[in-house]
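Trainee: Got a sequence here, can you model it:
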Amino acid sequence: MPAELKCIGVLAHPQRPQSAPVAHQIAAHLARRGFAQWMYTQWDEASVQPAIAGADLVIAIGGDGAMLRAARACAQRGVPVLGVNMGYLGFLTEIAGPDAWEEPLERVLAGDFWIEERMMLQSSHLRDDVLLSSANALNDVVISRGVAARTIRLETYIDKDWTTTYNADALIIATATGSTAYALACGGPILPPELRNILIVPVAPHLSMERPIILSEGATVEIIPPLNNSTDIALTVDGVLMGTILPGDRVRVQASQHVSRFARLRERHYFYRSLLDRLEPRQSVRSIPEKRQI
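Mentor: Residues are numbered from 1 along each chain as shown. The predicted model follows:
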C-alpha cells in the first residue's frame with residue numbers, strides 16, 4: 001500500500017519554461033488542500049536532495065526528460081514520482097496533459113494509486129583505476145563516437161570474461177525502461193518494465209556482433225576502447241554527457257542499488273497498450289472476440 005501523503009514536492013522541467021505555470025497551479029492546489037508542499041522550477045539532481053528527503057511524493061511536470069531527471073533524483077531517497085505530461089511521447093508520465101491534472105491528482109491524494117518499481121543502472125568511468133565519474137541511469141548508458149564519421153572499436157567484457165569487440169557507431173547498455181527508447185530505435189527488443197535485465201544493443205555495427213544481448217540483473221559489463229583507437233568517444237548517461245573516454249579507459253555498468261518508483265493510476269497491465277498506442281497510433285483498439293458456439 002502507498003504511504004500516507006503528508007509532504008508533496010513539485011518539480012517543473014528546468015529547461016521548459018512553459019512547465020512553470022503548471023507547477024505553480026499544482027503547488028497552490030496542494031496548499032489549499034492542506035498538504036505541506038514545495039516547488040522548484042530551476043533545479044538539478046544535487047541541489048534538490050534536501051527537499052526530496054522530506055517528501056512522500058514528487059510531481060514532475062514535463063515530458064520523459066523531466067521524468068528521467070526527477071526519477072534519478074528521487075531514487076536515492078526512495079520517493080515515488082507522479083508525472084504530468086507536457087512533452088511529445090510521455091512514455092513515463094501518468095497524467096495525460098497540463099489541462100487534465102486535477103481529477104487524477106485528487107485520486108492520488110486520496111491514496112487511490114499503486115507504486116511501480118523499475119530497475120536502474122550504475123555507470124562508472126575509470127582511468128588507471130581512478131574513478132572519474134559515476135552516475136545512475138533509468139534509461140541507458142551510451143558509449144558513442146564523437147563528431148568524426150568513423151566507427152569505434154569497443155572491447156566488451158561480461159563478468160570479466162571477454163565477449164566480443166564491437167566495431168560500431170555506438171553501444172547502448174539499457175534497462176527494460178530504456179528498451180523502448182534509443183535501444184528500440186536501433187533494433188533492440190521490447191522488455192516489459194518489471195524485468196530486471198541489462199540489454200546490450202550495438203548501433204550500426206560493421207563486420208562485428210550485430211545481435212542484441214540480454215543479461216541477468218547480476219551481470220557486470222565492462223567496455224574498454226583499445227589503445228590503437230583514434231576516434232573521439234563520448235559517454236552519456238540518460239542523454240547527459242558525462243565526459244570523453246580515452247583509449248584504455250574502462251566503463252563499468254551494472255545494476256544500481258537504487259530503483260525508480262512511479263505513482264500509477266492505470267491498471268497494472270497498462271504497458272503494452274500504452275506502448276502500442278504510440279507505435280501504432282492509426283490502429284483501432286480491438287477487444288478479445290467471444291468464443292464461437294460450435
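
Trainee: can we go C-alpha only for contacts and neighbour counts from here?
Mentor: Will do.

Trainee: what number of residues lie near the nearest residue to G54 once chain neighbours are set aside?
Mentor: Computed as CA to CA, 6 or more residues apart in numbering, the closest residue to G54 that is not its neighbour in sequence is C7, at 7.1 Å. Neighbourhood size, C7 [other CA atoms under 10 Å]: 18.

Trainee: what residue ranges in this structure score low on pLDDT?
Mentor: Filtered on pLDDT under 70, the chain yields the residue ranges 1-3, 281-294.

Trainee: okay, now the domains of it?
Mentor: Domain segmentation of the chain under automatic domain parsing yields 7-113+265-279, 120-257.

Trainee: picking that back up, spit out the contact partners of the residue nearest to G54.
Mentor: By CA atoms under 8 Å, 6 or more residues apart in numbering, the contact list for C7 reads F35, A36, Q37, G54, A55, D56, L57.

Trainee: T151 too?
Mentor: Counted by CA under 8 Å, 6+ apart, T151 has contacts R145, N167, A168, D169, A170, T231.

Trainee: Neighbours of the third one, how many?
Mentor: If I follow you right, that is A168. Count around A168 with other CA under 10 Å applied: 22.

Trainee: Test my guess that it contacts R153.
Mentor: Yes. With contacts counted by CA atoms under 8 Å, A168 reaches R153, the gap being 6.7 Å.

Trainee: Return the subset of the contacts of C7 lying in strands.
Mentor: Of the positions in the contacts of C7, A36, Q37, L57 sit in strands, assigned by DSSP state E.

Trainee: Buried ones among those residues?
Mentor: Taking 16 or more other CA atoms under 10 Å as the criterion, what is buried in the ones in strands among the contacts of C7 is Q37, L57.

Trainee: could you dump the ones in strands among the contacts of C7 to a markdown table with distance to G83?
Mentor: Output for the ones in strands among the contacts of C7, formatted as a markdown table (distance: CA to CA, whole Å):
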| residue | distance to G83 |
| --- | --- |
| A36 | 19 |
| Q37 | 16 |
| L57 | 11 |
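
Trainee: Quick one: residues contacting the residue lying closest to P104 once chain neighbours are set aside.
Mentor: Ranked by CA to CA, 6+ apart and with sequence neighbours excluded, the top spatial neighbour of P104 is I95, at 6.9 Å. Residues in contact with I95 (CA under 8 Å, 6+ apart) are L82, G83, V84, N85, W101, P104.
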